[in-house]
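Trainee: Just need the structure, nothing else, for what follows:
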Amino acid sequence: MLQKIVRQFPADLEEYFKRIIEAVRPQYREEMSRIFLITVDELHPLPLFAFSLLENLCSDRTFAINYPMRPISEDEITPHYPRWTSWINNRCSDLLVIDDQPHPTFLSHSVDFLHRSVRDFLRDNYYPNLLLNMRTEFCSTMMLAGMCLVLLKSLSIKDFRNDHSLYVVSFSLMDDILYYVHETEKRDEDYTKIIVATLDEVDRVIGQHARDFRIHSPSSDLRPVTCLDVYINDDRYSFLGLTIQARLVKYVGAKLLECPSRVRKRGRPLLDYALRPKRTISVTMPYHSQREAPSMDIEMIRLLLNNGADPNEGVDDQTVWAMFLLSCHESNNDGSLDYNTNGGVVVQARVSKARLLACELLISYGARWDCPLTEEKRELTVSSVLQGLFGVVQTKRLEKLAEEKAQEMQRSGIACILM
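Mentor: You can find the predicted model right below:
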């Protein structure tokens, strides 16, 4: 009998997974698909508590936003673990496993795939089938953002050895949220309203943690950095700046529409966040992973320029334009390419194209061709740097564009005086 049962199993692993999934009762398949979509799209395994939030998040888009900011302890939710574990196992046919170990970020009981091949199968072969099981609107990345927001609100200082460890966890969760929102923005569905409300709440919660638990700002405890394409934030860092680094074009656009004066701030200019989006911090930025290149977002640069950002504004005793050129020159010479070290020629071409488009935009908005770059290396000029990046032909085209813009600005100035 045992041999007969074994012979009934498909020889192909993917067919085996498909058979297990399709054996789930029809009334449970939507719940099953939601859980699988979450686990496929998550950056790393979430604690079991996060999955207990799924039903509320699905029924109320504002659930995470309105969720109270209240510390949750392991003792408080331990009695619920058997029921939640049974629910996951019943819906997902034991293709997900739940351990009883402490979770790296929050609480315990991580939920993960039985084996990596299960995730590969769901992501590469079965993802459309999971979407077809949805009878109601469902966005897995927005659900993940909501889960992480609730976790952020539920952190307890008693669970951390010191302020720094709480800081790391807080900003890890924040960065996860920024990544999931970025993935949501890339989809065609219009989630702008809920995205704005969610991120505004993240900003509020991070600020509250900083006040309550004396968490230092992201500028503290940074490793010494000499490369110009990495910016060490000063004490006037802004959440809006972090969302610019995360390439959240729709969110930033909504905030500038709401208050156009936000484009001007003390400290580091917002345009510099977009042109040099790397930051050095003890927390890895998920949206600076190797999933995409280049990390610089041309639409973000265009948005900021359209809203009054000035390429000639000062930063680090230079201008935004000068620092951008120097950072490109430095990374071009040392062989580094933004955040992606893989992909060879394809990545290099994409980065070069993005930089060229950025230069065109900045020049068309008044970036000065005659601006000095560095006192130490006077041989470095706008022209020499651009030739090293793009060659002689493209540099001459950009120089002509700069001359035309300078003439246009001169004519506008004369017209204003005559008026």
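
Trainee: going forward, measure contacts and count neighbours with C-alpha atoms only.
Mentor: Noted.

Trainee: where in the chain is pLDDT low?
Mentor: Confidence mapping of the chain against pLDDT under 70 gives the ranges 6, 8-11, 157-166, 188-189, 212-237, 279-294, 334-347, 413-419.

Trainee: Find the centremost residue of it, please.
Mentor: residue 179 (2.9 Å; C-alpha atoms, centre = their mean).

Trainee: That one contacts residue 246, doesn't it?
Mentor: Yes - between residue 179 and residue 246 there is a contact under C-alpha atoms under 8 Å: 6.9 Å.

Trainee: Quick one: distance of the longest helix along the chain to the chain centre.
Mentor: For the chain, the longest helix by residue count, based on DSSP state H, is helix 392-418. On the basis of C-alpha atoms, centre = their mean, to the nearest Å, helix 392-418 sits 36 Å off its chain's mean C-alpha point.

Trainee: Does anything pack onto it? Which helices or strands?
Mentor: Under the contact criterion of 3 or more C-alpha pairs under 8 Å, 6 or more residues apart in numbering; DSSP states H and E, helix 392-418 touches helix 344-364, helix 382-390.

Trainee: the strands in the stretch 101-250 of the chain, which residues?
Mentor: 111-113, 230-231 (DSSP state E, counting those that start in this stretch).

Trainee: ah, wrong one, I meant the stretch 251-400 of the chain
Mentor: 278-279, 314-315, 318-319.

Trainee: quick one: secondary structure of residue 30?
Mentor: Secondary structure assignment for residue 30 (DSSP: H, G, I helix; E, B strand; the rest coil): helix.

Trainee: buried sites along the host helix or strand of residue 19?
Mentor: Counting by DSSP states H and E, the element that carries residue 19 is helix 13-22. Buried residues in helix 13-22, counting neighbours by 16 or more other C-alpha atoms under 10 Å, are found at 14, 17, 18, 21.

Trainee: what's the answer for stretch 114-129, then?
Mentor: Result for stretch 114-129 [16+ other C-alpha under 10 Å]: buried residues 118, 119, 121, 122, 123, 126, 127.

Trainee: Equivalent analysis for stretch 320-336, please.
Mentor: Those would be 320, 321, 322, 323, 324, 325, 326, 327, 328, 329, 330, 332, for stretch 320-336 by 16+ other C-alpha under 10 Å.

Trainee: So which of these are in helices?
Mentor: Reading helices off those with DSSP H, I get 320, 321, 322, 323, 324, 325, 326, 327, 328, 329, 330, 332.

Trainee: Can you lay out these as JSON lines showing distance to residue 168?
Mentor: Compiled in JSON lines, these are given as follows (distance: C-alpha to C-alpha, whole Å):
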{"residue": "320", "distance to residue 168": "29"}
{"residue": "321", "distance to residue 168": "32"}
{"residue": "322", "distance to residue 168": "33"}
{"residue": "323", "distance to residue 168": "29"}
{"residue": "324", "distance to residue 168": "29"}
{"residue": "325", "distance to residue 168": "32"}
{"residue": "326", "distance to residue 168": "31"}
{"residue": "327", "distance to residue 168": "28"}
{"residue": "328", "distance to residue 168": "30"}
{"residue": "329", "distance to residue 168": "32"}
{"residue": "330", "distance to residue 168": "30"}
{"residue": "332", "distance to residue 168": "32"}
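
Trainee: among those residues, which two are most distant?
Mentor: 320 and 332 (18.2 Å; C-alpha to C-alpha).

Trainee: Show the end-to-end separation of stretch 130-150, please.
Mentor: This stretch, stretch 130-150, spans 25 Å end to end (C-alpha to C-alpha, to the nearest Å).

Trainee: What lies in contact with that stretch?
Mentor: Residues from elsewhere that reach stretch 130-150 (C-alpha atoms under 8 Å, 6 or more residues apart in numbering): 29-30, 33-34, 36-38, 41-42, 50-51, 53-54, 57-58, 63-65, 67, 173-174, 176-178, 180-181, 183-184, 198, 202.

Trainee: Tell me the buried residues in that stretch?
Mentor: 130-131, 133, 139-150.

Trainee: so which of the residues you listed comes closest to residue 351?
Mentor: Of these, the one sitting nearest to residue 351 (C-alpha to C-alpha) turns out to be residue 141, at 26.5 Å.

Trainee: Send over the helix holding residue 19 as CSV, restricted to the C-alpha atoms.
Mentor: Provided in CSV are the C-alpha atoms of helix 13-22 (Å, rounded to 0.1, in the frame of the first residue of the first chain):
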residue,chain,number,x,y,z
LEU,A,13,8.6,18.3,-8.3
GLU,A,14,6.6,21.2,-9.8
GLU,A,15,3.7,18.9,-10.6
TYR,A,16,3.9,17.6,-7.0
PHE,A,17,3.6,21.2,-5.6
LYS,A,18,0.8,21.9,-8.0
ARG,A,19,-1.1,18.8,-6.9
ILE,A,20,-0.7,19.7,-3.2
ILE,A,21,-1.9,23.3,-3.8
GLU,A,22,-4.9,22.3,-5.9
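
Trainee: Distance from that helix to the middle of the chain?
Mentor: Counting by C-alpha atoms, centre = their mean, helix 13-22 comes out at 33 Å from the chain centroid.

Trainee: which other helices and strands contact it?
Mentor: Counting by 3+ C-alpha pairs under 8 Å, 6+ apart, helix 13-22 packs on helix 116-121.

Trainee: Residues in contact with the helix it packs on: which ones?
Mentor: Residues contacting helix 116-121 (C-alpha under 8 Å, 6+ apart): 14, 17, 40, 95, 113.

Trainee: can I get the helices and strands packed on helix 392-418 in CSV with mean neighbour count and distance to residue 305?
Mentor: Converted to CSV, the helices and strands packed on helix 392-418 look like this (neighbours: other C-alpha atoms under 10 Å; distance: least, C-alpha to C-alpha, whole Å):
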stretch, mean neighbour count, distance to residue 305
helix 344-364, 17, 8
helix 382-390, 17, 20
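
Trainee: Now the host helix or strand of residue 5: buried residues?
Mentor: Taking DSSP H and E as the criterion, residue 5 maps to helix 2-8. By neighbour count with 16+ other C-alpha under 10 Å, helix 2-8 contains no buried residues.

Trainee: what's the answer for stretch 80-93, then?
Mentor: Going by 16+ other C-alpha under 10 Å, stretch 80-93 has these buried residues: 81, 85, 88, 91, 92, 93.

Trainee: Now, those that are in strands?
Mentor: Using DSSP state E, no member of those falls within strands.
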